[in-house]
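> Any chance you can model this:
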Amino acid sequence: MKNKSQHTLTLRPLFVVLAVVVSILPVNAQSPELQQKIQLVKQSVAENQQRLRQYQWTESVQLALKGDPKPPKQSLCRYGPDGTIQKMPIGEPPPPPSGGRLKQRVIAKKTEEMKDYMGQVKSLLAMYVPPDPQRIGQAFQAGNASLNPNPGAQEMAIVLRNYAQPGDQLTLSFDTATKKIRSVNVNTYMDDPKDIVTLAVQMASLPDGTNYAQQTLLDATAKKLQVTTINSGYQLIGVQ
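Numbering: from 1, shown residues only. Got it, this is the predicted structure:
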């Protein structure tokens, strides 16, 4: 009996340590709690996307290449019938490059290369913003989702790995009281995994409660390119 009691006393601290460790770990990817939260986020995102299609807005894009800011560009944006965002440039087109023919060719070549790269960046950004309910569900089903609750706060962080590309990660900060996404952070890459791209998206709400990406900061480290996108001036135009 004495040995049994000693064995029990020895194991007791171990059980306490295990209980503490389990309590601070992220919620398991297949837990009922995470499944419930994932469903809540998917429903919120889907409903919000429908409301956004009633609006048009102004998009302002500011590029900085190797620390050198470029002239900002503005576009009037709205959703088309196929669900993609249609953009119409606002303002005068940039003046043609000055200098001799050789210099003009060099500038034109660099401009075209940057235009192609920005097209790729735009396609990459569209995979993450706004978040896609289907991809969120797929990450959960594949066991690539975890929940990091914030004790004492009404926000929680849902981490989705392999969300749109192998090895990427999308983190959603979700307000459980308002049922809205407050921020989105992404670690991903272009065609080459070494071409790392990070996104930091700050969300905001319109007077009717519709959520939108107010500001997006994109950092493409390999190209030393930073892109700041600000969306503003939302106006109702009707349902698409």
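> CA only for contacts and neighbour counts going forward, please
Noted.
> Low-confidence ranges, the protein, go.
Residues of the chain meeting the criterion pLDDT under 70: 1-30, 93-100, 103-104, 106-107, 150-152, 238-240.
> Which helix in it has the most residues?
helix 101-126 (DSSP state H).
> can you tell me which helix or strand the residue nearest the centre of the chain belongs to?
By C-alpha atoms, centre = their mean, the chain has its centre lying nearest to residue 184, at 4.1 Å. Assigned by DSSP states H and E, residue 184 belongs to strand 180-189.
> Beyond that strand, next helix or strand please.
Downstream of strand 180-189 (by DSSP H and E), the next one is strand 196-205.
> Next, the angle strand 180-189 makes with that following strand.
Counting by axes from the mean of the first three to the mean of the last three C-alpha atoms, to 10 degrees, strand 196-205 lies at 170 degrees to strand 180-189.
> the helices in this structure, which residues?
Ranges of helices in the chain, per DSSP H, are 2-24, 32-52, 101-126, 133-141.
> The longest one: how far from the chain's middle?
This points to helix 101-126. From the chain centre to the centre of helix 101-126 is a distance of 24 Å (C-alpha atoms, centre = their mean, to the nearest Å).
> do stretch 230-240 as well
On C-alpha atoms, centre = their mean, the centre of stretch 230-240 falls 20 Å from that of its chain.
> Offset the numbering so it begins at 119, please.
Will do, 119 is the new start, and the previous item becomes stretch 348-358.
> buried stuff in that stretch?
348-349, 352 (16 or more other C-alpha atoms under 10 Å).
> Among the residues you listed, which one sits closest to residue 252?
Here the nearest of those to residue 252, counting by C-alpha to C-alpha, is residue 349; it sits at 24.6 Å.
> Quick check: the gap between that closest one and residue 175.
Distance, residue 349 to residue 175, by C-alpha to C-alpha, to the nearest Å: 7 Å.
> what's around the closest residue in space to residue 181 that isn't next to it in sequence, how many residues?
With sequence-adjacent residues excluded and distances taken as C-alpha to C-alpha, 6 or more residues apart in numbering, residue 181 is closest to residue 345, at 4.6 Å. Residues contacting residue 345 under the criterion other C-alpha atoms under 10 Å number 20.
> measure residue 345 to residue 295 for me?
As judged by C-alpha to C-alpha, residue 345 and residue 295 stand 32 Å apart.
> Same question for residue 341.
Using C-alpha to C-alpha, one gets 40 Å for the distance from residue 341 to residue 295.
> out of these two, which sits in the busier spot?
Applying other C-alpha under 10 Å to residue 341 and residue 295 shows that residue 341 carries more neighbours, namely 14 against 9.
> Contact partners for the more buried one?
Contact analysis of residue 341 by C-alpha atoms under 8 Å, 6 or more residues apart in numbering lists 183-184.
> what's the burial count for the residue nearest to residue 319 when sequence neighbours are not counted?
If the residues on either side of it in the chain are set aside, residue 319 comes closest to residue 334, at 4.4 Å by C-alpha to C-alpha, 6+ apart. By other C-alpha under 10 Å, the residues close to residue 334 number 22.
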